[in-house]
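Asker: Just to be clear, the model below is a prediction. Sequence and coordinates:
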Amino acid sequence: MIHVTIEDISLDFITDPEVFSPSFADRGTLAMLSYVTFDNSDTLLDLGCGYGLVGIYASKVLSPARVTMCDISEKAVELSKKNAEYNQVLDELTILQSDGFRNLPVDEYSLILSNPPYHVDFSVPKHFIEESYRRLIMGGKLYMVTKRKDWYKNKIISVFGGVEIHEKDGYYIFIAQKRPKGKKLPTEKKENGLSKKLARKMKTKQH
């Protein structure tokens, strides 16, 4: 059993050596959650839920009826259900065994959160990223945390048209929003609300 407190919400989780991060709450997952903005109308997917930390926390912030959790592992799904019951959110929460999106009945979410496995080839995150774009509502967001940067950055940009990247505690947090094709996200960081290129032009004119 491990105890986690996130934004004044206290949770307890039964874990198992067969499931990711059994001894403590994964720092990458906590880093990702620190950047997530919730809205009362959100419908959220915890993609690759493990023993359920993200989805159960989201159920406390939103409501269990607005959260779906899935994992390819039968053990992970079993633990998530036990933990949802222990934390008193099981009744309306959807927890499914699914290989990525393949067994999910719902087509659209406003938030998808994922900490994809590191020990597999890129076929798993490739599926996660491509299907996330298809399953998000317009304006919906994908949050993903990894220890690798370049492949994820390039893949997410190729699918979503842009990505916001943060680094925290040795992890990269990627935030990508679904927008109409052709409307790409800005890739340059801003200075006082202006792109660096435009800011330089303004400075040149002033001198």
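Answerer: Received, thanks. Numbering: from 1, shown residues only.

Asker: give me every residue that touches the closest residue to residue 137 other than its chain neighbours.
Answerer: Using CB to CB, 6 or more residues apart in numbering and skipping residues adjacent in sequence, the residue nearest residue 137 is residue 108, 4.8 Å away. C-beta here means a position set from N, CA and C on the backbone, and glycine is covered the same way. Residues near residue 108 by CB atoms under 8 Å, 6 or more residues apart in numbering: 43, 135, 136, 137, 140.

Asker: can we see that at 10 Å?
Answerer: Contacts were defined as CB atoms under 10 Å, 6 or more residues apart in numbering; by that measure residue 108 touches 43, 45, 134, 135, 136, 137, 138, 140.

Asker: nearest to residue 102, of the residues you listed?
Answerer: Set against residue 102, the nearest of the contacts of residue 108 by CB to CB is residue 135 (11.6 Å).

Asker: Phi, psi for that closest one please.
Answerer: With angles defined as degrees, to the nearest 10, residue 135 sits at phi -90, psi -20.

Asker: and it, what does it touch?
Answerer: 45, 47, 101, 104, 106, 107, 108, 109, 112, 142, 178.

Asker: swap in residue 132?
Answerer: With CB under 10 Å, 6+ apart, residue 132 has these contacts: 45, 47, 100-101, 109, 112-114, 125, 140-144, 156, 159-160, 176, 178.

Asker: re earlier: buried only: go through the contacts of residue 108 for me.
Answerer: Buried residues within those, counting neighbours by 16 or more other CB atoms under 10 Å: 43, 45, 135, 136, 140.

Asker: I'd like those residues laid out as a markdown table, including secondary structure.
Answerer: What follows is the buried ones among the contacts of residue 108, written out as a markdown table (DSSP: H, G, I helix; E, B strand; the rest coil):
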| residue | secondary structure |
| --- | --- |
| 43 | coil |
| 45 | strand |
| 135 | helix |
| 136 | strand |
| 140 | strand |
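
Asker: Out of those, which comes closest to residue 17?
Answerer: Nearest to residue 17 among those: residue 45, at 26.1 Å, using CB to CB.

Asker: Now do the same contact list for the closest one.
Answerer: Counted by CB under 10 Å, 6+ apart, residue 45 has contacts 54-55, 58, 67-70, 94, 101, 104, 106, 108-114, 132, 135-136, 140, 142.

Asker: related to what we said a few turns ago, in TSV: the buried ones among the contacts of residue 108, plus pLDDT and distance to residue 5.
Answerer: Below are the buried ones among the contacts of residue 108 laid out as TSV (pLDDT from 0 to 100; distance: CB to CB, whole Å):
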residue	pLDDT	distance to residue 5
43	97	25
45	98	24
135	96	31
136	97	29
140	97	28
